[in-house]
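Asker: 3D, please:
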Amino acid sequence: MARHFTINGDVPPECTGAVVAIGNFDGLHRGHQQLLAAARARARDLGAPWGMMTLEPHPRDLFRPDEPVFRLTPLPMKARLLKALGGGFVSVLPFSRQMAAMEAQDFVRRYLVERMRVAHVVTGYDFHFGHGRKGDPGLMKTLGAKHGFGVTIIEQVADEDNAAPFASSSIRAHLRHGHVRAAANELGYWWMVQGQVVKGDRRGRAIGFPTANIRLPAGCEPREGIYAMRVRPATAQAAKGLPAPAHPSGWRGAGYVGLRPTFDTHERFLEVYLPGFEADLYGRDLLVDFVDFIRPDEKFCSVDALVARMKDDVAKIESRLARIEQNDPMSTFPLGAAQARGRI
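Answerer: Prediction:
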């Protein structure tokens with residue numbers, strides 16, 4: 001993944017004098033990718049490094065901690081995706097009440113000029129910053145001229161086939177309804193989560209479907225049910241000793257998100273069954289792609305009825321994933337192509 005550092009600490013010398021794209025970038029969707037492409041192009045013209053600047057934690061986590069945000073791409077995932085796009089770093093602004101109260105001019109002077117010594121800034125048309133969100137693209141251009149850095153503003157980006165702009169909010173809505181393909185069309189890659197495999201209660205193993213269990217972060221709420229998934233190690237360390245997937249995009253998986261109502265566990269899980277896979281995954285860091293929604297969660301009258309349905313699900317999932325491997329619709333986009341080659 002691209003290196004990330006907190007801007008309140010030491011800024012690596014090789015990350016100063018850079019072209020910096022500023023924003024929240026949750027999802028790094030196709031609109032964000034156009035903004036990042038502009039930063040990459042400007043960096044090439046200037047012979048400068050480039051990366052992004054983003055806030056952590058999300059402002060709502062600070063002001064409304066009891067309402068966790070459905071984060072499409074937590075910081076490590078942003079850094080992973082940025083690297084796939086050629087970016088060199090993620091500069092993290094630690095969001096606090098003090099920062100929220102900082103005037104726009106002070107924000108630019110302290111972080112962009114004194115600490116990052118930026119050569120150029122790229123932002124979206126709706127970017128606001130500083131106390132009361134008084135800073136806007138126009139002010140950024142004025143301050144850039146004052147302090148000696150260039151500014152590029154990217155206008156609203158929409159799909160050629162759809163007048164609606166790309167937006168993290170609509171992607172979250174798609175995922176909450178199980179509309180995985182619609183979310184992927186906005187993202188330009190199959191939405192994925194990263195997490196460590198933890199020990200479960202081993203019920204899946206007892207009924208012939210051993211699963212890798214991954215905890216979902218607070219607020220992460222795709223629709224509960226059965227999914228076609230692809231799974232691969234998130235790091236070289238996690239891949240050690242494991243059989244290589246038959247396809248670069250990963251092992252085929254039958255995934256489940258939900259509370260397991262047949263067993264009344266009352267705890268939300270992400271579980272993935274990998275047909276034919278027998279290696280131990282406990283403690284491994286995995287990437288899981290959500291490729292297709294198969295059916296909603298449901299409660300079965302018996303374990304035998306659940307097992308029969310799971311067999312049908314697995315057969316359907318293997319067939320769908322085989323078709324995707326032959327002609328992945330996301331491979332027409334930069335991040336989708338990297339994902340299909342197992343490079344994310």
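
Asker: C-alpha from now on. contacts and neighbour counts both.
Answerer: Noted.

Asker: since we're on Ala114, how many residues are nearby?
Answerer: Let me fix one detail, which is that residue 114 is Glu and not Ala. Counted with other Cα atoms under 10 Å, residues neighbouring Glu114 total 11.

Asker: how about the helices in the stretch 51-200 of the chain?
Answerer: 59-63, 75-84, 97-100, 104-107, 137-147, 168-176, 180-187 (DSSP state H, counting those that start in this stretch).

Asker: show me where pLDDT drops low in the stretch 51-200 of the chain?
Answerer: Along the stretch 51-200 of the chain, the model assigns pLDDT under 70 to residues 162-163.

Asker: let's see 90
Answerer: 57-68, 95-97, 99-100, 132, 156-165, 199-200 (pLDDT under 90).

Asker: in this structure, which helix is the longest?
Answerer: Secondary structure of the chain read by DSSP state H shows that its longest helix is helix 303-326.

Asker: that one - what's its average pLDDT?
Answerer: Across helix 303-326, pLDDT averages out at 92.

Asker: in that helix, what's buried?
Answerer: For helix 303-326, a neighbour-count test (16 or more other Cα atoms under 10 Å) marks Val307, Asp313, Val314, Ile317, Glu318, Arg320, Leu321 as buried.

Asker: for the helix or strand that it is followed by, the distance to its chain's centre please.
Answerer: As assigned by DSSP states H and E, the chain's next helix or strand after helix 303-326 is helix 334-340. Distance of helix 334-340 from the chain centroid (Cα atoms, centre = their mean, to the nearest Å) equals 13 Å.

Asker: what's the average pLDDT for helix 334-340?
Answerer: 97.

Asker: tell me which other helices or strands that helix touches.
Answerer: Counting contacts by 3 or more Cα pairs under 8 Å, 6 or more residues apart in numbering; DSSP states H and E, helix 334-340 packs against helix 75-84.

Asker: excluding chain neighbours, what is closest to Arg91?
Answerer: Not quite, residue 91 is Ser, not Arg. Spatial nearest neighbour of Ser91, chain neighbours left out: Met53 (4.6 Å); criterion: Cα to Cα, 6 or more residues apart in numbering.

Asker: got the helices of the stretch 51-200 of the chain as CSV, with distance to Gly23 and mean neighbour count columns?
Answerer: Shown next, in CSV, are these (distance: least, Cα to Cα, whole Å; neighbours: other Cα atoms under 10 Å):
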stretch, distance to Gly23, mean neighbour count
helix 59-63, 12, 14
helix 75-84, 12, 20
helix 97-100, 15, 12
helix 104-107, 14, 17
helix 137-147, 12, 16
helix 168-176, 12, 19
helix 180-187, 16, 22
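
Asker: wait, which of the ones you listed is closest to Phe293?
Answerer: Counting by Cα to Cα, Phe293 lies closest to helix 180-187 out of the helices of the stretch 51-200 of the chain; the figure is 6.4 Å.

Asker: quick check, Gly17 in a helix?
Answerer: No. Assigned with DSSP: H, G, I helix; E, B strand; the rest coil, Gly17 falls outside any helix and is coil.

Asker: burial of it, as a residue count?
Answerer: Around Gly17 there are 19 other residues, counting by other Cα under 10 Å.

Asker: dump the residue contacts of Arg42.
Answerer: Listed by Cα atoms under 8 Å, 6 or more residues apart in numbering, the contact set of Arg42 reads Val19, His120.

Asker: separation between it and Asn24?
Answerer: Remark: distance between Arg42 and Asn24 (Cα to Cα, to the nearest Å) = 20 Å.
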